[in-house]
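Enquirer: here are the coordinates; sequence isn't available:
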């Protein structure tokens with residue numbers, strides 16, 4: 001028999017960004033429990049709202065299958081004396097509380113043994129779940145947890161207020177943090193009943209009747225459809241905010257509010273940041289993409305008939321905009337360039353000095369990278385907005401505020417773009433700076449952080465990376481490659497212990513995971529050098545293109561053989577004398593090597609491969625004559641060396 005299963009953990013409001021990961025952990029734990037206990041089950045469905053983590057399962061086996069167990073005793077020779085059982089056999093029966101009629105003979109490769117076969121009935125699933133669920137729930141990992149029954153009590157992301165645990169129509173009995181499991185849930189905090197008896201069959205509809213929409217996807221859709229009914233158009237950067245709001249609400253209902261059009265004198269970036277990041281409002285645009293003096297808020301109730309919530313949101317937003325306007329006007333009274341010296345009072349790191357120290361280093365680096373006067377000016381001003389009141393209040397606007405002030409104060413557009421883009425990319429999905437100044441300042445800023453942190457021994461270890469150095473190095477690689485910046489990384493990182501190896505891992509990751517090259521292709525191309533990332537990308541593209549050709553894998557296998565021969569002979573180079581070559585395959589290979597010199601590998605691989613194959617078929621490399629042997633090793637060494645400027649083909653995994 002199979003039964004449906006429901007577990008609902010009711011809590012105080014869970015932070016939106018923890019919900020999805022938490023409920024999927026719950027699903028994995030329940031699934032693991034069923035597998036460990038050999039319980040068959042059908043579909044598992046996780047759901048969540050801010051006040052509940054839910055896992056439902058269908059067709060769960062009601063009882064474990066019975067197990068058949070054979071208990072082996074003494075050998076038949078030791079167990080019998082004529083027709084009677086020996087004391088050893090009787091002791092075996094007594095230990096297992098068995099009678100003589102239960103004895104059977106088990107035949108093995110070592111002989112016959114007394115045995116008892118027992119059928120062990122499976123445990124009821126409700127018992128297994130009652131025993132396992134309390135500890136399983138507490139295994140859900142959160143970055144931070146709370147205790148509310150005392151310091152030695154259970155810890156969870158928020159206090160647990162109720163637990164629903166049902167298998168079929170039966171309550172799965174257990175207690176956690178002073179809360180006993182049952183069949184009573186809670187509806188919407190304001191619109192629903194506080195205590196609602198449910199069954200698994202009525203669960204979702206009962207919640208809906210009490211203004212709780214269990215499905216995240218449905219709540220997400222309700223926001224979209226509600227806004228569409230309002231007849232307004234959101235700014236296109238709404239998706240992440242909508243996901244957040246779907247996790248923050250149990251019954252989302254969008255409403256439109258207004259703000260004074262005089263605030264449109266402030267830059268769009270300031271207004272939309274206040275709305276999106278601080279108030280969680282959608283900004284609204286007109287037909288031409290211009291910002292309108294409206295916003296969309298999402299309530300967690302079904303209606304606002306008297307407009308109280310709308311007016312409250314308008315009042316809060318007006319206060320935030322007034323603050324932003326005051327900061328904007330106050331900051332503009334001081335030139336951005338005059339703020340550079342103020343960076344001496346802003347600490348970058350206790351061991352690495354101030355942001356003024358960092359600014360001076362970054363400016364020098366930009367100059368080394370060949371940056372023009374605009375790039376150098378952008379480097380000089382890039383961190384100045386850290387001293388502004390607007391950035392102190394709205395930290396998300398670092399870089400953006402600096403560029404806005406620079407533009408308002410008459411700085412060249414190239415400088416403004418460089419300031420705005422120097423934090424980019426903030427992730428692998430983010431765009432790279434579009435301006436030359438932005439690319440150079442971005443590279444210099446990230447490289448400075450990496451070099452200085454490595455210099456004082458702060459390289460990432462394991463999963464710990466408090467200064468996001470992996471992301472910084474990945475950003476450098478991304479900007480250089482995708483921004484086509486012609487620099488040699490070796491000149492900038494080789495003097496710092498450990499930094500080159502760190503970058504090598506990041507380069508491999510970038511080309512494997514972001515550019516989708518095979519790992520052995522990346523290894524082969526990087527073995528020929530990776531200081532010039534643009535050259536590396538070109539070689540990888542060519543390598544990937546020729547790999548499917550019929551001559552490639554056999555030639556790669558031959559190169560692997562050549563490398564092994566040279567390694568075994570401990571040959572690292574020596575003089576080569578053409579006069580010592582035998583006519584035929586050996587001379588033919590030498591001639592082909594000369595013809596291919598300086599030619600793209602794509603054009604020579606077809607002609608070279610048969611010459612290499614014939615050489616190994618007909619020529620003995622380890623010739624008895626030491627001079628001939630050394631000469632042949634020298635020719636193979638030269639061949640390998642010639643092609644290793646493109647890639648080390650011995651790194652390619654072949655089928656042969």
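Expert: The structure has been received and is ready for your questions. For clarity, every value in this text was computed on a predicted model and none was experimentally measured.
Enquirer: Can you get me a residue count around residue 596?
Expert: Applying other Cβ atoms under 10 Å, we find 19 residues neighbouring residue 596. For the C-beta atoms, the positions are set from N, CA and C on the backbone; glycine is no exception.
Enquirer: and it, backbone torsions?
Expert: Backbone torsions for residue 596, taken as degrees, to the nearest 10, come to phi -80, psi -10.
Enquirer: what residues are up against the residue lying closest to it once chain neighbours are set aside?
Expert: Counting by Cβ to Cβ, 6 or more residues apart in numbering, residue 596 lies nearest to residue 604, which is 3.8 Å off, once chain neighbours are set aside. Contact analysis of residue 604 by Cβ atoms under 8 Å, 6 or more residues apart in numbering lists 592, 595, 596.
Enquirer: which residues are contacting the host helix or strand of the second one?
Expert: Pointing back at residue 595 there. Here residue 595, judged by DSSP states H and E, is contained in helix 585-596. Helix 585-596 has contacts (Cβ under 8 Å, 6+ apart) with 578, 581, 604, 607-608, 611-612, 614-615, 617-619, 632, 635, 638-639, 642.
Enquirer: now swap in stretch 553-573 and tell me
Expert: With contact meaning Cβ under 8 Å, 6+ apart, stretch 553-573 is reached by 547, 605, 608-609, 612-613, 616, 621-622, 630, 633-634, 636-637, 639-640, 643, 648-650, 652, 654-656.
Enquirer: try stretch 476-496
Expert: Stretch 476-496 is contacted from outside by 365, 368-369, 424-425, 428, 432-433, 439-440, 442-443, 446-447, 450-451, 454-455, 499-500, 503, 506-507, 510, 514, 530-534, 537, using Cβ under 8 Å, 6+ apart.
Enquirer: wouldn't residue 391 be in contact with residue 403 here?
Expert: No. Between residue 391 and residue 403 there is no contact, the gap being 11.8 Å when judged by Cβ atoms under 8 Å.
Enquirer: Give me the more crowded residue out of those two.
Expert: residue 403 (28 against 21).
Enquirer: mind listing the helices for the stretch 301-450 of the chain?
Expert: 308-331, 355-368, 373-381, 389-393, 400-408, 413-421, 436-455 (DSSP state H, counting those that start in this stretch).
Enquirer: could I get the ones you listed as TSV with distance to residue 301 and mean pLDDT?
Expert: Shown next, in TSV, are the helices of the stretch 301-450 of the chain (distance: least, Cβ to Cβ, whole Å; pLDDT from 0 to 100):
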stretch	distance to residue 301	mean pLDDT
helix 308-331	8	96
helix 355-368	46	97
helix 373-381	47	98
helix 389-393	30	94
helix 400-408	34	96
helix 413-421	40	97
helix 436-455	45	96
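Enquirer: can you redo these as JSON lines with distance to residue 286?
Expert: Below are these laid out as JSON lines (distance: least, Cβ to Cβ, whole Å):
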{"stretch": "helix 308-331", "distance to residue 286": "19"}
{"stretch": "helix 355-368", "distance to residue 286": "39"}
{"stretch": "helix 373-381", "distance to residue 286": "32"}
{"stretch": "helix 389-393", "distance to residue 286": "26"}
{"stretch": "helix 400-408", "distance to residue 286": "22"}
{"stretch": "helix 413-421", "distance to residue 286": "24"}
{"stretch": "helix 436-455", "distance to residue 286": "29"}
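Enquirer: Of these, which is nearest residue 344?
Expert: Nearest to residue 344, of all the helices of the stretch 301-450 of the chain, is helix 355-368, at 4.2 Å by Cβ to Cβ.
Enquirer: which of the residues in that closest one are buried?
Expert: Neighbour-count burial for helix 355-368, counted by 16 or more other Cβ atoms under 10 Å, picks out 355, 356, 357, 358, 359, 360, 361, 362, 363, 365, 366.
Enquirer: now swap in stretch 170-181 and tell me
Expert: 171, 172, 174, 176, 177, 179, 181.
Enquirer: ok, the first one touching residue 184?
Expert: No. Applying Cβ under 8 Å as the test, residue 171 and residue 184 come out as separate, 9.7 Å apart.
Enquirer: Give the residue spans of the stretch 501-650 of the chain that score low on pLDDT.
Expert: When residues are selected by pLDDT under 70, none of them lie in the stretch 501-650 of the chain.
Enquirer: Kindly recompute the last result at 80.
Expert: Scanning the stretch 501-650 of the chain for pLDDT under 80 picks out the ranges 597-598.
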